[in-house]
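Participant: sharing a model that was predicted from the sequence below.
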Amino acid sequence: MYHVELKAQSLADNGLIDAEVRLHEDTSNFEIVYGPTTSSSQFATIGTQALYSSGTFTQVSCNTAGITTGTRLNFTISTCPAQPTETPTTIPATNTSTPTSIVSATSTGTPGTPATATSTETPGTPGSATATPTACTIEFADVLPGNTFYANIRCLACRGIINGYPCGGDGEPCNGTSDPYFRPSNNITRGQLAKVVSQSAGFTEPVTGQTFEDVAPGTTFYDFVERLASRGVMGGYPCGVEPNEPCGNGNLPYFRPGANATRGQLTKIVSNAAGFSDPDPSTFTFTDVPPGSTFHLYVERLLINRPGVMGGYPCSSPAEPCDDQNRPYFRPSATLSRGQTSKIVANTFFPDCQTPSK
């Protein structure tokens, strides 16, 4: 048996993932065993790549949360045709210890066609593979199937990134299963936005220090705000400008975690967190976000990298007159809602997100 050490790069934050590939003589089996990672990302893509002219990629597991030390995937390669196939197999562990790492994966076996996978992993000794999909049972009483934001909200909620409010309050009666309410039309604050984006981007590193006067260590959004601030994703407001924001000893800026966020601010934050760095494009999608305007670069970057990530509002007179191409309006200064946030964030970090239903 041959052992080949390799390092796979995490695109989310340029971290490194140690992995061992085990190749066997006189057999078509090989294995990938994951080791420690320097990546702060919560998500990784597992697969095999055929080095043919087409550069096809057989995706076995995409954005799998918690790839941990000891996780093993087993593969069997069939007789090599013009375009080979790779199929994960369930090979029982050879040890007799109690499995503490369980990986379940299935594959269509056709290079270039995404396969489906579910995974439950715990650090420890690799165990045997199983194939039990994990369904998400989260539902919100006010976001039913058919709702504009239904798929996006469940995509994030089923990953523990967003949550709702217990039923039973004014105007929010409990249904037969006591589902919580999401309140998709409610405004989202800058602090809440920092949490949603930081978690979706997979930023999990420990933080120290204090960047903003009004976001001290130990406060609700401290970790998330600091992770974004350290990357230049979100900034603040100079102290001393507003009477209620006096300068302290360090003249720290203010973050205003309780202030509402705008649609334009969201595009900048999400685009930067996703690492989109396209040069300023000449494209001009929305009448009210022309080239040279504050958020033009970030709006167009999102649309270039994630087509369909967000939409606008049809032009109409007199408030939003149509230009010569009848471009829609984006309304970058409009207050951002929880539903709108879910759509843009989910479409950016989890494109084509498919969440198993209950």
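Facilitator: Alright, I've got the coordinates.

Participant: identify the residues contacting Met310.
Facilitator: If you count contacts by CB atoms under 8 Å, 6 or more residues apart in numbering, Met310 has them with 267, 302-303, 340, 343-344, 347. Placement of C-beta: from N, CA and C, glycine included.

Participant: check Pro321 too.
Facilitator: In this structure, Pro321 makes contact with Cys315, judged by CB under 8 Å, 6+ apart.

Participant: helix/strand/coil for Phe203?
Facilitator: Judged by DSSP: H, G, I helix; E, B strand; the rest coil, the three-state class of Phe203 is coil.

Participant: hmm, back to that, quick one: which of the contacts of Met310 is nearest Thr283?
Facilitator: The shortest separation between Thr283 and any of the contacts of Met310 is 7.4 Å, and it belongs to Leu303 (by CB to CB).

Participant: number of nearby residues for the closest one?
Facilitator: Other residues near Leu303 number 18, with proximity taken as other CB atoms under 10 Å.

Participant: shouldn't it be in contact with Val309?
Facilitator: Yes. Leu303 is within contact range of Val309, at 6.5 Å (criterion: CB atoms under 8 Å).

Participant: ranges for the helices of the chain?
Facilitator: Listed from the start of the chain, the chain has helices (DSSP state H) covering 150-157, 190-200, 222-230, 263-273, 296-305, 338-349.

Participant: which ones are touching Cys174?
Facilitator: For Cys174, the contacting residues are 141, 167-168, taking CB under 8 Å, 6+ apart as the criterion.

Participant: PyMOL command for the buried members of those residues?
Facilitator: Only the buried entries of the contacts of Cys174 go into this PyMOL selection, using 16 or more other CB atoms under 10 Å:
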select buried, resi 141+167
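
Participant: quick check: of the contacts of Cys174, which lies closest to Ser293?
Facilitator: Distance from Ser293 was checked for each of those by CB to CB. The minimum falls on Ala141, at 39.0 Å.

Participant: do you know how far the residue lying closest to that closest one once chain neighbours are set aside is from Thr148?
Facilitator: On the basis of CB to CB, 6 or more residues apart in numbering, the spatially nearest residue to Ala141 that is not a chain neighbour turns out to be Asp179, at 4.4 Å. Remark: distance between Asp179 and Thr148 (CB to CB, to the nearest Å) = 18 Å.

Participant: so between the two, which is more surrounded?
Facilitator: For Asp179 against Thr148, the residue with the higher neighbour count under other CB under 10 Å is Asp179, and the figures read 19 against 14.

Participant: is it true that the more buried one touches Glu139?
Facilitator: Yes. The pair Asp179 and Glu139 qualifies as a contact (CB under 8 Å) at a distance of 4.9 Å.

Participant: give the contact list for Gly236.
Facilitator: Gly236 sits next to 211-212, 229, 253-256 when contact means CB under 8 Å, 6+ apart.

Participant: now swap in Thr220 and tell me
Facilitator: When the contact criterion is CB under 8 Å, 6+ apart, the partners of Thr220 are 191, 257.

Participant: with just CA atoms, put stretch 278-297 into PDB.
Facilitator: C-alpha atoms of stretch 278-297 as PDB (Å, rounded to 0.1, in the frame of the first residue of the first chain):
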ATOM      1  CA  ASP A 278     -13.400  41.200  -9.800                       C
ATOM      2  CA  PRO A 279     -12.200  44.600 -11.200                       C
ATOM      3  CA  ASP A 280     -14.800  47.300 -11.300                       C
ATOM      4  CA  PRO A 281     -17.100  46.000 -14.100                       C
ATOM      5  CA  SER A 282     -18.700  48.100 -16.800                       C
ATOM      6  CA  THR A 283     -22.000  46.300 -16.400                       C
ATOM      7  CA  PHE A 284     -24.900  48.400 -15.200                       C
ATOM      8  CA  THR A 285     -27.800  46.400 -14.000                       C
ATOM      9  CA  PHE A 286     -29.900  48.800 -11.800                       C
ATOM     10  CA  THR A 287     -30.900  52.400 -12.700                       C
ATOM     11  CA  ASP A 288     -30.200  53.600  -9.200                       C
ATOM     12  CA  VAL A 289     -26.700  51.900  -8.900                       C
ATOM     13  CA  PRO A 290     -24.800  53.400 -11.800                       C
ATOM     14  CA  PRO A 291     -21.000  53.100 -12.300                       C
ATOM     15  CA  GLY A 292     -19.200  55.200  -9.800                       C
ATOM     16  CA  SER A 293     -21.900  55.000  -7.100                       C
ATOM     17  CA  THR A 294     -21.100  53.700  -3.600                       C
ATOM     18  CA  PHE A 295     -22.300  50.200  -4.100                       C
ATOM     19  CA  HIS A 296     -22.000  49.600  -7.800                       C
ATOM     20  CA  LEU A 297     -18.900  47.500  -7.600                       C
END
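
Participant: please point out which parts of it sit buried.
Facilitator: Judged by neighbour count (16+ other CB under 10 Å), stretch 278-297 contains these buried residues: 285-289, 295-297.
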